[in-house]
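J.: sequence-free structure coming up:
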């Protein structure tokens, strides 16, 4: 079942019906299907400012209003997969771990993660 989810999840979640009806579809970020993610994932791609939208400056400004934050994750978590994504880490198309400071959202500071991190 797990392998089916990895290979077929993007087909199930990157469509208008799933994006409106399934909350998990809004958080599905398949590293192998980036173009489909950006064109179809209506929540997370906008929230991370990976696609242009009218509220992008507002989203970044609001994130940068945070003064202190702690992000926790656990390898025992069976809801967030991969677990490392709860700490702004990612996996690439080969399922290799990508550290937060090497990720596109950090390097490009799309929503303010790099700025917030540099502020301490």
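T.: Yes, it's here. Note that the structure is a prediction, hence the values are computed from the model and not measured.
J.: Going by C-alpha atoms from here, please, whenever you check contacts or count neighbours.
T.: OK.
J.: So residue 64 versus residue 52, what's the distance?
T.: Distance from residue 64 to residue 52, counting by CA to CA, to the nearest Å: 19 Å.
J.: any idea how the chain splits into domains?
T.: Residue ranges of the domains in the chain are recorded as 1-47, 65-120, according to automatic domain parsing.
J.: and the shortest one, how far out from the chain's middle?
T.: So that's domain 1-47. In terms of CA atoms, centre = their mean, to the nearest Å, the centre of domain 1-47 is found 11 Å from the chain centre.
J.: got it, and the longest one?
T.: Distance, stretch centre to chain centre, for domain 65-120: 8 Å (CA atoms, centre = their mean).
J.: what are the ranges of the strands in the protein?
T.: Per DSSP state E, the chain carries strands over the ranges 90-91, 97-98.
J.: Which one of the ones you listed has the poorest average confidence?
T.: Looking at these, the lowest mean pLDDT belongs to strand 90-91 (a mean of 86).
J.: what comes into contact with it?
T.: The set of residues external to strand 90-91 that reach it, using CA atoms under 8 Å, 6 or more residues apart in numbering, is 31, 82, 84, 97-100, 103.
J.: What is the nearest of these to residue 15?
T.: Sorting those by distance to residue 15 puts residue 31 at the head of the list, at 16.6 Å, by CA to CA.
J.: ok, that closest one - how many residues close by?
T.: Other residues near residue 31 come to 16 when the count uses other CA atoms under 10 Å.
J.: Find the nearest non-adjacent residue to it, please.
T.: Distances taken as CA to CA, 6 or more residues apart in numbering place residue 93 nearest to residue 31, at 5.0 Å, with adjacent residues excluded.
J.: Below-threshold pLDDT in this structure: ranges please.
T.: Under the criterion of pLDDT under 70, the regions of the chain flagged as low confidence span 1-6, 78-81.
J.: Helices of that one, start to end?
T.: Secondary structure of the chain (DSSP state H): helices at 2-13, 16-21, 23-27, 34-40, 44-47, 56-64, 104-107, 113-118.
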